[in-house]
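*Asks:* A structural model of the following input is requested.
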Amino acid sequence: VQLQASGGGLVQAGGSLGLSCGTSGVSLRNYHMGWFRQAPGQEREIVAAISRPGYGRATYYTESVKGRFTISRDNAKNTVYLQMNSLKPEDTAVYYCNANRWGRHYWGQGTQVTVSS
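*Replies:* Numbering: from 1, shown residues only. Okay, the predicted model is just below:
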């Protein structure tokens with residue numbers, strides 16, 4: 001599974017960005033999907049996740065982004081989104097899309113998000 005993430009960029013604190021993640025040739029509806037991020041000198045951490053259809057579209061958010069970020073998926077478009085609002089400088093990181101099925105993880109190439117103060 002080759003994931004393609006896009007939508008990163010530079011934004012001022014308090015601003016918004018939307019990330020997208022898609023692939024071709026494979027239906028993402030069979031995968032639990034997530035967004036992770038890695039800041040310089042830090043470990044990669046999960047930001048948000050959404051279950052695949054049939055699992056109630058359950059979502060998870062790390063505490064620091066609750067109420068500001070929203071993960072969603074459009075199975076018809078084979079795409080997963082991360083809408084990020086009220087961005088903070090501490091959200092600055094490379095964001096990675098992740099697909100998980102039966103414990104096997106697939107990663108996108110990462111997209112840089114930089115939030116200036």
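*Asks:* Report back the residue of this structure that's furthest from centre.
*Replies:* Within the chain, the residue lying farthest from the chain centre (C-alpha atoms, centre = their mean) is residue 117, at 22.3 Å.
*Asks:* ok, now which ones touch that residue?
*Replies:* Contacts of residue 117 were listed using C-beta atoms under 8 Å, 6 or more residues apart in numbering, and they are 13, 89. Any C-beta I mention is one placed from the backbone N, CA and C, and that applies to glycine too.
*Asks:* Might you list the low-confidence residue ranges for the protein?
*Replies:* Within the chain, no stretch has pLDDT under 70.
*Asks:* and if we set it to 90?
*Replies:* Low-confidence segments of the chain, defined by pLDDT under 90: 1-2, 23-26, 53-57.
*Asks:* And the strands in it, which stretches?
*Replies:* 4-6, 9-12, 17-22, 32-38, 45-50, 59-61, 69-74, 79-84, 93-101, 104-107, 111-116 (DSSP state E).
*Asks:* How far away from the center of its chain is the second one?
*Replies:* The gap between the average C-alpha position of strand 9-12 and the chain average comes to 16 Å, counting by C-alpha atoms, centre = their mean, to the nearest Å.
*Asks:* tell me which residues of it are tucked away?
*Replies:* Within strand 9-12, the residues scored as buried using 16 or more other C-beta atoms under 10 Å are residue 11.
*Asks:* show me the contacts for the residue nearest in space to the middle of the chain.
*Replies:* Most central in the chain under C-alpha atoms, centre = their mean is residue 35, positioned 2.7 Å from the mean C-alpha point. Listed by C-beta under 8 Å, 6+ apart, the contact partners of residue 35 are 19, 21, 46-49, 71, 80, 82, 95-98.
*Asks:* redo that, cut-off 7 Å
*Replies:* 19, 47, 48, 71, 82, 95, 97 (C-beta atoms under 7 Å, 6 or more residues apart in numbering).
*Asks:* and it, bridged to which residues?
*Replies:* Using DSSP bridges, the bridge partners assigned to residue 35 are residue 48, residue 97.
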